[in-house]
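1. here's my sequence, what's the structure:
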Amino acid sequence: MDIKAIKTEEDYNQALKRLEEIFHAPVNSKEGDEAEVISILIEKYEDECYPIEAPDPIEAIKFRMEQMDMKQGDLSQIIGYKSRVSEIFSRKRKLSLRMIRNLHDKLKIPYESLIADY
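-> Residues are numbered from 1 along each chain as shown. Modelled structure (predicted):
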């Protein structure tokens, strides 16, 4: 087991290749332990080099609505009037604290996603 820090794209590609080779190794085996360590190193490198930004609040709401097969009219029961939903989606109106709480409670959207600037 020759494990080293992933510092370059070449190191990253080699680590991915090795992980693919030993991915199905039994847990608590030598190769299983190696796979666990390599996956941690890969995750750290990806977090640093390929960060994924959180969506803005409107995109988070739309994504959750899609997951729940909801329409804009359904959202009016959570936010308020249908016109209010249109204003929110067209970004003419910001989410109020009450709206954020309702969206979090009813759609389980994390507060962090709802309070971000947009």
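2. and the helix or strand where residue 11 lies, how far out from the chain's middle?
-> Using DSSP states H and E, residue 11 sits within helix 9-22. Relative to its parent chain, helix 9-22 has a centroid offset of 24 Å by CA atoms, centre = their mean, to the nearest Å.
3. list the buried residues for the helix or strand that that helix is followed by?
-> Following helix 9-22 in sequence order, the next helix or strand is helix 30-49 (DSSP H and E). Neighbour counts over helix 30-49 (16 or more other CB atoms under 10 Å) mark 34, 35, 38, 41, 42, 45 as buried. Quick note: C-beta positions are derived from backbone N, CA and C, even for glycine.
4. again with stretch 13-20
-> Here stretch 13-20 shows 15, 16, 18, 19 as buried, counting by 16+ other CB under 10 Å.
5. state the distance from residue 26 to residue 40.
-> Using CB to CB, to the nearest Å, one obtains 18 Å as the distance from residue 26 to residue 40.
6. same deal with residue 84?
-> Taking CB to CB, one finds residue 84 at 45 Å from residue 40.
7. low-confidence ranges in this structure?
-> 1 (pLDDT under 70).
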